[in-house]
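1. Sequence plus the predicted model coming up.
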2 protein chains.
Amino acid sequence: MDGFVLRSKVVGSGHRQILAFHQAGDVPDLQSLFLHVLDHDVTTLGDCAVGFIPHGPLRQLITNRPKVAQALWRDTLTDAAIFREWICNIGQRDATSRVAHLVIELYTRLKAIGRTEALSFTFPFTQALLADAVGTSVVHMNRVIQELRGQSVLEMERGRISILDEAKLRRIADFDVLYLHLNPLL
Amino acid sequence: MDGFVLRSKVVGSGHRQILAFHQAGDVPDLQSLFLHVLDHDVTTLGDCAVGFIPHGPLRQLITNRPKVAQALWRDTLTDAAIFREWICNIGQRDATSRVAHLVIELYTRLKAIGRTEALSFTFPFTQALLADAVGTSVVHMNRVIQELRGQSVLEMERGRISILDEAKLRRIADFDVLYLHLNPLL
DNA sequence: CGTCTCCTTGAGTTAACTCAACGTACGTGG
DNA sequence: CCACGTACGTTGAGTTAACTCAAGGAGACG
């Protein structure tokens, strides 16, 4: 309902990979609705207001109301689409692009629910967090952020991210909004 | 029904990222059932026998038979779980581990449907294909494969992958089968 | 005032990349 | 049946992006 939630997984080396960020309105738990065992961690990121829906009533709802079921199913499919884009992001782009891409994704999704102000939004990140999300070391993340700052593309400070040059950021990010499937009527 | 299908996406640089492999019994198209616009490519890999189910009758089936709907929904959720593991694989492991992990994943999934022989299976790969799947260059993929060959862990030749030392491969891969959710009753 | 978390910087190292060339197998058409 | 083209694999050499280790600085907070 408010705040941010993240999915993550710790691999054998001890490093953590963040798999997704969720915001107000998302239902992260749907990913495990029919899996019976959670294969990753789901954590709040700072202060959060969250609601819980027991699986029992939820399954009943899904059985009795096909339209609601389809809307929820659709939600899990857009999550999957975002996972796929993250695979591309981490697999094919350099660290600077990856960060830019992540920032635009967060900005775009937050804008869709009216939680941005102009070209900025609040997000309780640390550099270590961003590093875990895009698969770089913390030190390198620091240098990438300085690079983006130096180019007057982004500003990041105390839980707030501000886009200074949107066109340039989009270019660096190689961002195509399609995968977010924001328009359900399309 | 037979053969392999792959999902992929081409990024701005022109490079291709493979997002998933699908085998007999999978229904790759379910990922776009409620999205109305496909955000990535789905391609056959060599000779294939595929079946098509029009969305109309499929939606009707889903509406009328909640149990079937849940089984199909579950299928899309396991696909998402695999996407998540790929994010970890590409984001956190080195190239050798990534290849090892991919091989064990393919082997495990094929074994579940009885399409392996002993510790080997047929798969129409090229080194360029594997490179696109784990996000490395072709040249580096070649060296990684030579490394695995040299350590007597794997053999790959003419569309066949053979595991020579399963324990060692699992160790290199950092593989935990959980994310495949092979047992629906768990 | 000390402690904790987070950010920053420098230096050395390594994994992976690019470019370019060459080898090899296979199939096809002359 | 050979010559050629194509696709795939292999190798070497030089370069670069990113990593690790280690240390120092800045702000927040009790």
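-> Yep, that arrived.
2. Next, the buried residues of the lengthiest helix in chain A.
-> As assigned by DSSP state H, the longest helix anywhere in chain A is helix A:66-92. Applying a neighbour-count criterion of 16 or more other C-beta atoms under 10 Å in any protein chain shown, one finds A:66, A:69-70, A:72-92 buried in helix A:66-92. No exception for glycine: its C-beta is placed from N, CA and C like everyone else's.
3. Does DNA strand D have contacts with it?
-> No. Counting by C-beta under 7 Å from any atom of the strand, DNA strand D has no neighbours in helix A:66-92; the shortest distance is 10.0 Å.
4. Taking helix B:66-92 as reference, get the angle to that helix.
-> Per axes from the mean of the first three to the mean of the last three C-alpha atoms, to 10 degrees, the angle that helix A:66-92 makes with helix B:66-92 is 20 degrees.
5. Is DNA strand C within reach of helix A:66-92?
-> No. Using C-beta under 7 Å from any atom of the strand, helix A:66-92 stays clear of DNA strand C, with a minimum separation of 8.9 Å.
6. Check stretch A:137-152 too.
-> Yes. Residues of stretch A:137-152 contacting DNA strand C under C-beta under 7 Å from any atom of the strand: A:138, A:139, A:142, A:143, A:145, A:146.
7. how close does the most centrally placed residue in chain A get to DNA strand D?
-> Closest residue to the average C-alpha location of chain A: residue A:21 at 3.2 Å, with C-alpha atoms, centre = their mean. Distance, residue A:21 to DNA strand D, by C-beta to the nearest atom of the strand, to the nearest Å: 19 Å.
8. Wait, a strand at that residue?
-> Yes. Under DSSP: H, G, I helix; E, B strand; the rest coil, residue A:21 falls within a strand.
9. you'd agree it is up against residue A:3?
-> No. Counting by C-beta atoms under 8 Å, residue A:21 stays clear of residue A:3, with 10.9 Å between them.
10. so what sits against both of these two?
-> Counting by C-beta atoms under 8 Å, 6 or more residues apart in numbering or on different chains, the contacts common to residue A:21 and residue A:3 are residue A:45.
11. still on that earlier bit, report the next helix or strand after the longest helix of chain A in sequence order.
-> Counting by DSSP states H and E, the next helix or strand C-terminal to helix A:66-92 is helix A:95-112.
12. and the residue nearest to the centre of chain A, what is it in contact with?
-> Contact partners of residue A:21, counting by C-beta under 8 Å, 6+ apart, are A:4, A:5, A:6, A:45, A:106, A:133.
13. do residue A:44 as well
-> Applying C-beta under 8 Å, 6+ apart, the residues near residue A:44 are A:3, A:4, A:5, A:50.
14. do the same with residue A:9
-> Taking C-beta under 8 Å, 6+ apart, one finds A:16, A:17, A:19, A:39, A:40, A:41, B:84, B:85, B:88 in contact with residue A:9.
15. Quick check: which ranges of chain A have low pLDDT?
-> Counting by pLDDT under 70, the ranges of chain A that qualify are A:185-186.
16. any chance you could map the helices in it?
-> With DSSP H, the ranges of helices along chain A come out as A:55-64, A:66-92, A:95-112, A:127-134, A:138-150, A:166-173.
17. how about those in CSV, adding distance to chain B?
-> Shown next, in CSV, are these (distance: least, C-beta to the nearest C-beta, whole Å):
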stretch, distance to chain B
helix A:55-64, 4
helix A:66-92, 3
helix A:95-112, 8
helix A:127-134, 7
helix A:138-150, 13
helix A:166-173, 9
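18. okay, the angle between the longest helix of chain A and helix A:127-134?
-> 100 degrees.
19. tell me what helix A:66-92 is packed against?
-> Using 3 or more C-beta pairs under 8 Å, 6 or more residues apart in numbering or on different chains; DSSP states H and E, the elements in contact with helix A:66-92 are strand A:16-22, helix A:55-64, helix A:95-112, strand B:2-10, strand B:16-22, helix B:55-64, helix B:66-92.
20. How far away from the center of its chain is it?
-> How far helix A:66-92 lies from its chain's middle: 11 Å, per C-alpha atoms, centre = their mean, to the nearest Å.
21. Also stretch A:21-31?
-> 10 Å.
22. what comes up buried for it?
-> Buried, per 16+ other C-beta under 10 Å, within stretch A:21-31: A:21, A:22, A:23, A:24, A:26, A:28, A:29, A:30, A:31.
23. show me the contacts for residue A:141.
-> Contacts of residue A:141 by C-beta under 8 Å, 6+ apart are A:95, A:99, A:127, A:128, A:130, A:131, A:134.
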